[in-house]
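1. Here is my input, please return the structure:
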Amino acid sequence: MTEPTTSPRNVLVTGGNRGIGAAIAQAFLDADDNVAITSRDGSGPEGAIAIAADVTDSASVDAAFGEAEEKLGGPVEIVVANAGITKDTLLMRMTDEEFDQVLDTNLAGAFRCARRASKGMLKLKRGRLIFISSVVGLYGAPGQANYASSKAGLVGLARSITRELGKRNITANVVAPGFIDTDMTRSLPEAQQQQYLAAVPAGRFAQPDEVAEVVRFIASPEAGYISGAVIPVDGGLGMGH
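-> Modelled structure (predicted):
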């Protein structure tokens, strides 16, 4: 049995100003939900409430949620933790700062958002926490010890939240994209792009909206019994990893 839903719902997407984050925000806008996004510079897609925020700063996260709640007219019931950075380098050359900065943004940033969001969700007695990971999180990649660690950590975070808040009608899931056709991917050398394509059974990169539609489903009433899951959107690259 699916749960009842109120439409429009209040949604917040971190890192929602470009790439996958912007596509996710647009998917919820297309579903007539109320959408706020955060970005470092306060930019965002048309139709969304854009808020400047730094997920590495708890006070900034708290202020962003406060502004979102005020402008959306109530608590946020769907949070998509998408904000992330990379600082790729080989293990022997990786500095403490390069490791810490990536973990602080990608993993601790998601934790800060989930912690702040849980207050409103507990009051509503419902909520969806969706963490955007990566195939690299469980598959691994050379030069990405920091990034892969941060993305793998999201799985433990989601599953612990599921154990803790599952009885409160709050779900926590992970969506793990593979190679996506974004500006970042298109900026790679052609030879590197071809190398990546050769590893993907589907033989192509995904479009950002293919990830966005999976996120939107996980946030839907029909997905109310899915929690603690890792959903790959990688064309078969990870094979369940």
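
2. Going by residue numbers, what spans are helices in the protein?
-> Assignment of helices within the chain using DSSP state H yields the ranges 19-30, 58-72, 96-106, 108-124, 136-139, 145-165, 183-186, 190-199, 208-218.

3. Out of those, which one sits most buried?
-> Ranked by mean neighbour count, these are led by helix 19-30 with a mean of 24 (mean count of other C-beta atoms under 10 Å). C-beta: built from backbone N, CA, C; applies to glycine.

4. just how off-centre is the lowest-mean-pLDDT helix or strand in the chain within its chain?
-> In the chain, the helix or strand scored least confidently by mean pLDDT, DSSP states H and E is helix 183-186, which has a mean of 78. How far helix 183-186 lies from its chain's middle: 18 Å, per C-alpha atoms, centre = their mean, to the nearest Å.

5. Can I get that helix as CSV, trimmed to CA atoms?
-> Taking Å, rounded to 0.1, in the frame of the first residue of the first chain, the C-alpha atoms of helix 183-186 are listed here in CSV:
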residue,chain,number,x,y,z
ASP,A,183,30.3,19.5,-18.7
MET,A,184,32.9,17.8,-16.5
THR,A,185,32.8,14.6,-18.5
ARG,A,186,32.8,16.4,-21.8
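
6. related to what we said a few turns ago, so which of the helices of the chain is nearest Ala83?
-> Among the helices of the chain, helix 108-124 comes nearest to Ala83, with 5.6 Å by C-beta to C-beta.

7. follow-up on the earlier one: can I get the helices of the chain in JSON lines including distance to Pro45?
-> Below are these laid out as JSON lines (distance: least, C-beta to C-beta, whole Å):
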{"stretch": "helix 19-30", "distance to Pro45": "5"}
{"stretch": "helix 58-72", "distance to Pro45": "15"}
{"stretch": "helix 96-106", "distance to Pro45": "21"}
{"stretch": "helix 108-124", "distance to Pro45": "19"}
{"stretch": "helix 136-139", "distance to Pro45": "26"}
{"stretch": "helix 145-165", "distance to Pro45": "24"}
{"stretch": "helix 183-186", "distance to Pro45": "15"}
{"stretch": "helix 190-199", "distance to Pro45": "26"}
{"stretch": "helix 208-218", "distance to Pro45": "11"}
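
8. among those helices, which gets the worst mean confidence?
-> Among these, helix 183-186 has the lowest mean pLDDT, at a mean of 78.

9. How about residues contacting that one?
-> Helix 183-186 is contacted from outside by 18-19, 179, 193, 205, using C-beta atoms under 8 Å, 6 or more residues apart in numbering.

10. Put together a markdown table for the residues you listed, with distance to Ile218 on each row.
-> Output for the contacts of helix 183-186, formatted as a markdown table (distance: C-beta to C-beta, whole Å):
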| residue | distance to Ile218 |
| --- | --- |
| Arg18 | 21 |
| Gly19 | 19 |
| Phe179 | 21 |
| Gln193 | 29 |
| Phe205 | 21 |
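
11. so which two of those residues are the farthest from each other?
-> Arg18 and Gln193 (19.3 Å).

12. List just the nearest of the contacts of helix 183-186 to Ser187.
-> Top of the list for closeness to Ser187, among the contacts of helix 183-186 and by C-beta to C-beta, is Gln193 at 9.7 Å.

13. Roughly how far does that closest one sit from Phe65?
-> For Gln193, the distance to Phe65 equals 38 Å [C-beta to C-beta, to the nearest Å].

14. what's the neighbour count on the closest residue to Ala229 other than its chain neighbours?
-> Excluding the flanking residues, the one nearest Ala229 by C-beta to C-beta, 6 or more residues apart in numbering is Asn173, at 5.0 Å. Neighbourhood size, Asn173 [other C-beta atoms under 10 Å]: 26.
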